[in-house]
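> one predicted model, sequence on top.
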Amino acid sequence: MKKLLFGLIATVTVTNLSFCQTEIQISDYGKIHNEIIELYYKNYGTDFKNVDFKTLLSNELNLMQNAHPDLFEGVDITDLNNSFAIFKSINEFDFLLFWNNYKSKIMQEKEMSSIMIEFMNDISKNNYDYQSLKSKIEKLKNNTNLSENDTKSIAIFSNILESSNDLWSNQTFNSNLSRGNCCNDRIILMDCAGGLMFLAAGPVALLNSAACSLAGAHSGCCN
């Protein structure tokens with residue numbers, strides 16, 4: 001009886017653990033990031049005056065569950081919603097504050113190495129442009145103490161960086177938007193850094209990346 005009971009428990013445990021989304025390929029992160037933003041504007045418009053983060057994230061998830069059910073079905077955004085709760089509105093969004101507030105959880109749960117946390121601290125505090133970010137990434141790649149996860153994080157950051165730059169430097173795309181004061185370079189930086197913050201949660205990383213992008217583009221500040 002004990003063996004049978006253990007077998008049933010083990011089966012349930014494995015079944016629950018196996019209920020996860022198809023793994024996102026590194027080469028698809030940037031493409032899906034841009035897709036979320038473009039679909040959001042297409043379906044929900046460009047006016048963010050009465051949109052809070054809970055609505056923004058729910059809309060993003062709904063779009064992606066329809067577009068990529070294999071990746072986003074069953075995704076839980078509770079933690080993501082809680083992380084944005086420090087802002088009453090999108091207009092208040094401040095990425096540096098957002099990162100500093102969530103960083104303790106990342107460190108406590110060891111979701112990011114000290115090397116990557118130091119990198120995130122640096123780029124969050126400084127308004128690096130696209131070329132500067134590329135240079136910093138190349139320098140980071142030469143660090144001989146990188147772990148396998150660090151290398152993957154850098155590759156994902158780079159992939160989002162290229163796609164985000166393509167999107168936000170597109171004059172036709174930008175001409176149709178009612179934008180805040182944030183410059184494109186800072187939005188692109190938020191995209192990439194936002195993606196790294198939730199990598200441990202799989203597809204949630206892309207929802208956060210796009211949310212940081214949209215909030216940055218329509219907020220009242222560029223921090």
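Yep, that arrived. Predicted model only: the values in this text are computed from it and were never measured.

> so after the helix or strand of the chain with the lowest mean pLDDT, what's the next helix or strand?
Using mean pLDDT, DSSP states H and E, helix 2-18 stands out as the lowest-scoring helix or strand of the chain, at a mean of 34. Sequence-wise, the next helix or strand downstream of helix 2-18 (DSSP states H and E) is helix 29-44.

> what helices and strands are in contact with that next one?
The helices and strands touching helix 29-44, judged by 3 or more CB pairs under 8 Å, 6 or more residues apart in numbering; DSSP states H and E, are helix 53-67, helix 148-168, helix 184-197, helix 204-218. From N, CA and C alone the C-beta is placed, and that goes for glycine too.

> what's the angle from the third one to helix 148-168?
With axes from the mean of the first three to the mean of the last three CA atoms, to 10 degrees as the criterion, the two stretches helix 184-197 and helix 148-168 enclose an angle of 150 degrees.

> quick one: closest of the helices and strands packed on helix 29-44 to Leu140.
Nearest to Leu140, of all those, is helix 148-168, at 6.0 Å by CB to CB.

> buried stuff in that closest one?
Neighbour counts over helix 148-168 (16 or more other CB atoms under 10 Å) mark 150, 153-154, 156-161, 163-165, 167-168 as buried.

> roughly how far apart are the closest residue to Tyr130 other than its chain neighbours and Gly194?
Distances taken as CB to CB, 6 or more residues apart in numbering place Asn165 nearest to Tyr130, at 5.0 Å, with adjacent residues excluded. Distance, Asn165 to Gly194, using CB to CB, to the nearest Å: 15 Å.

> Tyr44 too?
Tyr44 is 19 Å from Gly194, where distance means CB to CB.

> so which of those two has more stuff around it?
Neighbour count, other CB atoms under 10 Å: between Tyr44 and Gly194, Gly194 has more, with 25 against 17.

> ok, back up a step: want to try a markdown table for the helices and strands packed on helix 29-44, with distance to Ile90 and mean pLDDT as columns?
A markdown table is the format used below for these (distance: least, CB to CB, whole Å; pLDDT from 0 to 100):
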| stretch | distance to Ile90 | mean pLDDT |
| --- | --- | --- |
| helix 53-67 | 7 | 97 |
| helix 148-168 | 17 | 96 |
| helix 184-197 | 13 | 93 |
| helix 204-218 | 5 | 94 |
